[in-house]
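fold the following for me, if possible:
(3 chains)
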Amino acid sequence: MTVVTLLQTAAGGILTGGVYALVGIGLSLIFGVMRIVNFSHGEFMAVGMYTAFVLFRHLGLDPYGSLLVVIPAGTALGVAVERVLLAPIARAPEHTAILMTVGVGLILSNSLLFLFGAHPQTLLASYSTATVRLGPITLSFPLLVSFGLTVLVITALYLLLTRTDLGRAIRATAQNRDAAELQGVDTAWIRTAVFAIGTVLAMAAGVLLLPLLYVFPTVGSTFTLKAFVVTVLGGMGNVVGAIFGGLLLGLVESLGASFGATNYRDAIGLVAFLLVLLVRPAGLFGRSRV
Amino acid sequence: MSSGGLHPVLRIALLVGVLAFYPLLFGGTLNFGFSLVLFAALATSWDLVGGWAGQLSLGHAAFIGLGAYASTLLWTRLGLPVWWGVPVAMAAGAVLASAWGWITFRLRGAYFALSTIAVAEVLRIVANNWADLTGGPEGISIVSLPSPFGLDLFGRTVQFYLALGLLAVALLVSWRVGASRFGAWLEAIREDEDSSMALGVNPARMKVLAFVLSGVLTVAGGALYAVHLSFFEPQGVFDLHLSVQLVLMAIVGGMGTVFGPTLGAFVLLGFQEAFRSTFQQASLFIYGVIIVLMVRYAPDGLTGRLQTAWRRVRDGRRALDAVP
Amino acid sequence: MTTASRMSRTGLPLLALAALAALLSAPTARAAPAGKPLQIGVITSLSGSFATFGGMEVAGYKVAVAEVNARGGVLGRPVELLIEDDASNQNAALAAAEKLVAGGVPLVLGAFASSITKPLAGYLTREKVPLLNSNSADVAITRPGSPWVFRVGQTTDSFADACFDLIRSLQGLKTVAILVSNDALGKSTANSVKEKVKALGYALVAEQAYDRGLTDFRPTLNAFKAAGPEIVALSSYEEDASTILRQAKEVNLSPRMFISVGATGYAIPQFITGAGDAAEYVLSASPWRPEGKYAGAKELYERLKAQLGSEPSHHAAKAYAGMIAAADAIRRAGSTDREAVRKALEGTKLQTAFGPVSFESFAGYRNQNPAPSLVIQVQDRKFVVVWPRNAASGAVRFPTPPWDKR
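Numbers count the residues shown, from 1 in each chain, chains lettered A, B, ... in the order given. Okay, here's the model as predicted:
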């Protein structure tokens, strides 16, 4: 394999990894603050994909334009789910929340199945097969755009978390819920806000992935697993870690495939994931921290 | 367990006895009857680790697949008849559960659940790709089986009674765990793992033991499932959806109870078969709704509700008696 | 009154009445069949992940039943479908089969997915009820199969035959790379292609099987590019067809021919809408196209489209053929006895709008329909049948121009 191909593969892996990171960050944030592992995260991503798909098919809206729609829609959906289903079981044992999110995931994926059918659908925009040359390397144009927008979204999130009052309140709640309460933070509302943010991030990742992929009702489950791998690699609750986790996953997948081990590639990824869980359950990048 | 009423073993015997009449009364729906009883057994086995030990396994299909592949391959490749093949598979299941449990014993809650998904998925990928051993994605067809005591193992009635036997064993194990010191320790771990250590309990060892018990029974169920289908593939037996179904049945019926998972299995499968003909598209959706409603309003499952209702009736009657 | 006059008084009107009655009750050539409906069992996926294809099958079955009933039904009775949903899962399928068997149907048609058809085949063989399958792809269903299992749809060997006949006619091609999905159909396709490569003395320069869920094919496609194959043979999961071609364009993998030997996602309209200009020149084996040569193909397409309410796939046509064969077998058997129907199925020799239907034993197969396959190509955003020549609706466009020269 030539150096150029290697670079090309690695570059592609990093770009895809960026989008994986976006999926993982939402999950990580939700866990960091709410201590809930959202097993329906992938399904929210699928909802985002279908939203973009429908808007493209029926209104001709460019999928990247759908990002603007997804922000309010995701917020509404996230707030609704959190208020109605998750808040009442906030003090219940851990497994209750896990089961609840599994149930929510089933409802979402089957609603999508009912509405859109099981057939995989792709979206063909004018730029879907366009490429960009960076020196000797050819990269997919939509992949570049998605990566760019991912960077934008993550930057916005970072600023939210570090520069605003809401962000400070979120980080306080993540560190110690009771202490935050004592400081006057309304943690119940913070939890709602965080779940909403997580939902928006998942749906945004879906929108950004649609031009690169195809959508079908159960596409969510693959990505829930990827999101878990990303968050575990980066450390549950560690948002910055999730970024690196995503990039690492993207890179490993790409390079693994080009070295011919495609068949066991997923298995290798999962075994690595298990090893990380064992050896460093706090992730490669340290303790839980938002 | 609630006090009063029949001794649990008698209750188990009664349930098994009643079910034994199924083939005579409903001989035309034995495929359905088999799945009712088998899934009740599988859900009860799952509950040993899920309800009793409080560790949510979302990868129990790993044991089902292991049971299916191990017992079938031993027969088709080595000619080892199933009555040897199944115990060997169960031993393999015990080894898997021990190793897996020992490795993940430190993980709590969500981390453990994630690891179970990963293990089942790894086994699926291996089964899918190690074609020389497992036949790969094409799966394995069981064309012939030995006939112990002249019994036709492919016969639906024989399969039903085998499944019923497994259910009886699972129920008895579940009762025994609940009524024993082991069960009390598990409950302590479930309630508060850190404090239980202060009591001298070794949570890791206890959890692994529960896991092994659960795994071994599930493996036996997997072997029986393979014979029933007479064909299976990696996607079918290592399926996440299959694992989730077992969890659901236990939740709906009531985790941590002897009869809860069985009740849950009967209710869910009954609905599914009824819905298959009427609400075709909606059955999985309804599964999701059921979980959400159950978790939200009846976290103790149906048996929990039934027990509360029963208690209310009993207390109501006592209150009446107490009135002068 | 004399006898004669009595006769003329009562006889003539009686005669007239009798004649009228005879006229009224005489079966006309196209009368609706009377009598108790003849129920034929169907198991297919009306819900769950295979629901779209289940819908295609049902459309095909219904169109066939309408045709059969318009011609007087079977054994003088109208045919009625007893449709059971397998919910895309094996347990439900077995429960459904048990219900149909207990209901006394002469045979069962179905299912769609191979993973469901195989347990059904085992169960129905044991219950001695004929199973007539149209759309399951796994070779194992009829190889070795059983005396009770029959399949209408072509196998991957048939696809490979058609594809390589076309390749040989083009001459000068020697090197092949294979990219297949890691499932039964993909494996089966890879085997069929490799057998052909060996038999024809071609060279296999690269081979890759990938697991479902892979979204980035670029590394593999780059590796193929380095190996420089003239032919890239494909069989992928339906959802990947567009993605693979788009990424091939991106990495500039330009063989002289892309050919999907496994049919799958490359032979359906979604491929063209999903891959856009990347779909041009791509060849694919296809079980059936309305533009093909068989009499009534176009009309069948119209009827299927009307029944389904949307674009029908070849799955619907195969299901149609299956139901026609079932009706024909019962007619020849003269009864609904399962063994008689089974024997009659073995002797099937039909020419339908789908193509020829017969059930033969050859090359390890049993009760398999040896119907030939077509090869189609995407030309100007449409499917054109390019092989065999006497069925073709257009000429093949070869070689495929490199991506950067289009």
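
could you list the residues of the stretch 101-250 of chain A in contact with chain C?
Residues of the stretch 101-250 of chain A lying close to chain C by CB under 8 Å from any CB of the partner chain are A:113, A:117-122, A:124, A:128-129, A:131, A:138, A:140, A:212-214, A:216, A:218, A:222. C-beta coordinates here come from the backbone N, C-alpha and C atoms, glycine included.

and those residues, which are buried?
For those, a neighbour count by 16 or more other CB atoms under 10 Å in any protein chain shown gives the buried set as A:113, A:118-122, A:124, A:128-129, A:131, A:138, A:140, A:212-214, A:216, A:218, A:222.

just the ones of these in helices?
Judged by DSSP state H, helices contain the following of these: A:113, A:222.

for chain B, tell me which of the buried ones among the residues of the stretch 101-250 of chain A next to chain C show up nearby.
A:L113.

how close does the residue nearest to C:D138 when sequence neighbours are not counted sit to A:V79?
Distances taken as CB to CB, 6 or more residues apart in numbering or on different chains place C:S114 nearest to C:D138, at 3.6 Å, with adjacent residues excluded. Separation of C:S114 from A:V79 (CB to CB, to the nearest Å): 44 Å.

same check, this time on C:K343
66 Å.

what's the answer for C:G262, then?
In this view, C:G262 and A:V79 are 46 Å apart by CB to CB.

neighbour count winner among those two?
Neighbours were counted for C:G262 and for A:V79 using other CB atoms under 10 Å in any protein chain shown; C:G262 has more, 30 against 15.

helix, strand, or coil at the more buried one?
coil (DSSP: H, G, I helix; E, B strand; the rest coil).

my read: it touches C:T189, true?
Yes - counting by CB atoms under 8 Å, C:T189 is a contact partner of C:G262 at 3.8 Å.

ranges for the helices of chain C?
In chain C, the segments counted as helices under DSSP H are C:3-6, C:12-25, C:51-70, C:90-102, C:114-127, C:156-170, C:184-200, C:218-227, C:240-251, C:269-275, C:297-308, C:314-333, C:338-346.

swap in the stretch 1-150 of chain B?
Counting by DSSP state H, counting those that start in this stretch, the stretch 1-150 of chain B has helices at residues B:8-19, B:22-25, B:30-47, B:61-78, B:82-104, B:109-129, B:131-134.

repeat that for the stretch 151-300 of chain B.
With helices called from DSSP H, counting those that start in this stretch, the stretch 151-300 of chain B shows them at B:156-179, B:181-191, B:193-198, B:203-229, B:234-237, B:240-253, B:260-277, B:283-297.

buried sites along the last one?
Taking 16+ other CB under 10 Å as the basis for neighbour counts, the residues of helix B:283-297 that come out buried are B:283-292, B:294-296.

format these as a markdown table; extra columns: distance to A:V279.
Output for the buried residues of helix B:283-297, formatted as a markdown table (distance: CB to CB, whole Å):
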| residue | distance to A:V279 |
| --- | --- |
| B:S283 | 42 |
| B:L284 | 37 |
| B:F285 | 40 |
| B:I286 | 41 |
| B:Y287 | 36 |
| B:G288 | 35 |
| B:V289 | 40 |
| B:I290 | 38 |
| B:I291 | 33 |
| B:V292 | 36 |
| B:M294 | 36 |
| B:V295 | 33 |
| B:R296 | 37 |
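
which parts of the stretch 1-150 of chain B sit against chain C?
For the stretch 1-150 of chain B, the residues in contact with chain C (CB under 8 Å from any CB) are B:28-32, B:35, B:125, B:128-129, B:131, B:136-139, B:141-142.

ramachandran angles for B:L145?
Per-residue torsions, B:L145: phi -140, psi 150 (degrees, to the nearest 10).

scratch that, A:S128
For A:S128, the backbone dihedrals (degrees, to the nearest 10) come out as phi -60, psi -30.
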